[in-house]
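[1] what would the 3D arrangement of this be:
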Amino acid sequence: MKYHRIKDLLLREHADQMEVTIKGWLKTARHSKELSFLNISDGSCFAGIQVVATPQLANYETEVIKLDTGCAVSVTGTLVDSLGKEQKYEIQASKIEIVGLVTEDYPLQKKRHSYEFLRTIAHLRPRTNTIGAMLRVRSAAAFAIHQFFQSQGFFYLHTPIITASDCEGAGQMFRVTVLDPKNPPCKPDGSVDFSQDFFGRQAFLTVSGQLEAETGALALSNVYTFGPTFRAENSNTPRHVAEFWMIEPEVAFCDLDGDMELAEQFLKSITKYVVEKCSDDIAFFSEFVDKNTAKTIDTILNSSFARITYTEAIDILLKSKKQFEYPVEWGIDLQSEHERYITDQVFQKPVIVTNYPKKIKAFYMYLNDDGNTVRAMDVLVPRVGEVIGGSQREHRYDVLTQRMKELGMSEAAYWWYLDLRKYGSVPHAGFGMGFERFVQFVTGIANIREASLYPRVPGYAEF
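    Got it, this is the predicted structure:
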């Protein structure tokens with residue numbers, strides 16, 4: 001049987017007294033002997049629609065009047081202009097079918113629940129205003145990401161989730177193994193013999209698809225990946241999770257300037273799409289989650305991103321005389337408090353910081369002539385800090401191998417990556433954006449654990 005989505009009904013120019021059928025869940029229910037007012041949501045948009053039920057319904061006394069928050073129903077009735085100020089249309093019910101009742105211990109009652117509590121019932125929290133709106137924003141943003149790159153002539157690559165390469169060189173990787181942890185095969189020296197493991201070697205969940213994406217870029221020119229990545233980093237901050245999605249374009253014949261331009265266009269494009277497609281959701285976040293959300297979004301859409309070097313950023317922080325929790329000196333990795341000061345207090349708009357010290361950046365970044373900095377860039381946005389990190393990649397074989405030696409990295413483990421620098425190497429660049437970080441920024445959600453359906457963090461992998 002055909003039924004109508006609430007979003008489509010609310011977008012109609014006129015009610016036209018049309019007969020409609022909707023299916024959804026009760027957000028609220030108010031009953032009396034003469035009338036029942038049921039607010040029903042099907043998740044298609046932020047708003048629900050009011051259903052007016054009367055005792056003329058055959059099951060009014062036996063079923064309808066007993067309906068409460070969370071019940072699933074199918075409603076058929078007439079779409080009419082609403083007399084109330086809070087809704088455009090309402091449905092005068094001619095038939096209400098009970099699809100699913102709730103028991104008395106249903107935990108989502110009509111009151112505000114803390115985010116901490118909602119994480120304990122993460123299987124139900126999509127029914128809340130905040131998480132429901134977040135999921136719609138995620139969906140729109142994911143579509144916008146593909147739309148942007150496809151319109152720019154990029155090819156979508158599916159890079160491996162299981163890998164033997166540590167892209168970041170930090171060693172914070174989850175091991176993938178089928179060996180018995182109580183009785184693993186061992187070498188004569190007592191170390192685990194991973195040659196007997198499933199892949200014949202140590203394997204891990206990927207921290208990034210970048211290295212593999214570079215191989216695509218050096219054949220197809222413009223490529224991007226969009227998939228899950230993992231970090232075994234014991235961090236319990238509002239900005240870190242162990243499993244997250246990354247967007248990573250790689251562009252051949254591109255330098256750092258081109259990389260920055262692409263990042264700015266990309267961020268503006270997907271933000272614009274989300275604001276247009278999820279206007280009600282963004283309005284909710286702006287009113288009830290973070291009142292600065294709309295202002296922050298406006299800085300993305302209606303300003304040119306400022307561009308400063310890392311050295312200039314350090315000078316700005318030192319001259320501020322502000323007492324930061326993390327002391328400031330040249331050579332440190334900028335912390336979120338430093339990034340937010342630069343964006344929120346100094347420039348009051350997004351800022352791209354370039355040319356970081358090589359000692360705090362990955363081995364694959366292009367070494368500048370000064371020998372101390374690399375052609376890296378981070379895009380910082382107000383309130384959140386870094387949302388994009390990228391660089392021009394080191395395409396010079398001798399420079400890359402020397403950098404790997406300095407870091408004690410095995411050339412044999414990256415033989416295929418080095419081959420790219422031997423066979424038709426070209427300047428190329430790319431960046432990565434954590435999808436959940438973007439969701440945080442565009443919604444105003446303070447904790448990244450509310451930016452995904454089931455967050456994975458140290459000590460917690462429930463559901």
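
[2] tell me which element the closest residue in space to residue 254 that isn't next to it in sequence is part of?
    Beyond its immediate neighbours in the sequence, the residue positioned closest to residue 254 (Cβ to Cβ, 6 or more residues apart in numbering) is residue 429, lying 4.3 Å away. C-beta coordinates here come from the backbone N, C-alpha and C atoms, glycine included. Counting by DSSP states H and E, the element that carries residue 429 is strand 428-434.

[3] residues in contact with that strand?
    Contact with strand 428-434 is made by 208, 210, 213-214, 217-218, 244-256, 258-259, 262-263, 266-267, 375, 377, 379, 387-393, 395, as judged by Cβ atoms under 8 Å, 6 or more residues apart in numbering.

[4] report the rounded mean pLDDT for that strand.
    On average, the pLDDT along strand 428-434 is 97.

[5] before we move on, the earlier item: and the residue nearest to residue 254, what are its bridge partners?
    residue 251, residue 392 (DSSP bridges).

[6] what's the separation between it and residue 257?
    9 Å (Cβ to Cβ, to the nearest Å).

[7] what about those two, which has more around it?
    residue 429 (29 against 14; other Cβ atoms under 10 Å).

[8] ok, back up a step: report the buried members of the contacts of strand 428-434.
    208, 210, 213-214, 217-218, 244-252, 254, 256, 259, 262-263, 266-267, 375, 377, 379, 387-393, 395 (16 or more other Cβ atoms under 10 Å).

[9] for the stretch 151-300 of the chain, give me the ranges with low pLDDT.
    In the predicted model of the stretch 151-300 of the chain, residues 167-171 satisfy pLDDT under 70.

[10] show me where it has its helices.
    210-220, 256-277, 279-284, 293-301 (DSSP state H, counting those that start in this stretch).

[11] by contact count, what packs against the longest one?
    Secondary structure elements in contact with helix 256-277, counted by 3 or more Cβ pairs under 8 Å, 6 or more residues apart in numbering; DSSP states H and E, are helix 129-151, strand 243-252, helix 293-301, strand 351-357, strand 373-381, strand 385-393, strand 428-434, helix 435-443.

[12] mind giving me the packing neighbours of the first one?
    The contact analysis (3+ Cβ pairs under 8 Å, 6+ apart) places helix 129-151 against strand 155-157, strand 222-230, helix 256-277, helix 279-284, helix 435-443.

[13] recalculate using a threshold of 10 Å.
    Contacts defined by 3 or more Cβ pairs under 10 Å, 6 or more residues apart in numbering; DSSP states H and E place helix 129-151 against helix 115-120, strand 155-157, strand 222-230, strand 243-252, helix 256-277, helix 279-284, helix 435-443.

[14] tabulate these (JSON lines), appending distance to residue 185.
    Output for those, formatted as JSON lines (distance: least, Cβ to Cβ, whole Å):
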{"stretch": "helix 115-120", "distance to residue 185": "39"}
{"stretch": "strand 155-157", "distance to residue 185": "35"}
{"stretch": "strand 222-230", "distance to residue 185": "25"}
{"stretch": "strand 243-252", "distance to residue 185": "29"}
{"stretch": "helix 256-277", "distance to residue 185": "45"}
{"stretch": "helix 279-284", "distance to residue 185": "53"}
{"stretch": "helix 435-443", "distance to residue 185": "38"}
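
[15] out of those, deepest packed?
    Of all the helices and strands packed on helix 129-151, helix 435-443 has the most neighbours on average by mean count of other Cβ atoms under 10 Å, namely a mean of 24.

[16] now for it, which elements pack on it?
    So helix 435-443, by 3+ Cβ pairs under 10 Å, 6+ apart, packs with helix 129-151, strand 222-230, strand 243-252, helix 256-277, helix 279-284, helix 293-301, strand 373-381, strand 385-393.

[17] what's the closest of the helices and strands packed on helix 256-277 to residue 320?
    strand 351-357 (14.5 Å; Cβ to Cβ).

[18] ok, the closest one: who's next to it in the sheet?
    strand 306-309 (parallel), strand 373-381 (antiparallel).

[19] report the angle between it and helix 256-277.
    150 degrees (axes from the mean of the first three to the mean of the last three Cα atoms, to 10 degrees).

[20] could you check the angle strand 351-357 makes with strand 385-393?
    Using the same axes, to 10 degrees: strand 351-357 against strand 385-393 is 50 degrees.

[21] picking up where we left off before, please report how far the residue nearest to residue 254 lies from residue 239.
    From residue 429 over to residue 239 the distance is 25 Å, taken as Cβ to Cβ.

[22] what's the answer for residue 252, then?
    32 Å.

[23] for residue 158, same thing?
    With Cβ to Cβ as the criterion, residue 158 and residue 239 are 27 Å apart.

[24] who has more neighbours out of those two?
    Between residue 158 and residue 239, residue 239 has the larger neighbour count (other Cβ under 10 Å), namely 17 against 10.

[25] show me what contacts that one?
    336, 384, 385, 386, 434, 436, 437, 440, 446, 447, 448, 451 (Cβ atoms under 10 Å, 6 or more residues apart in numbering).
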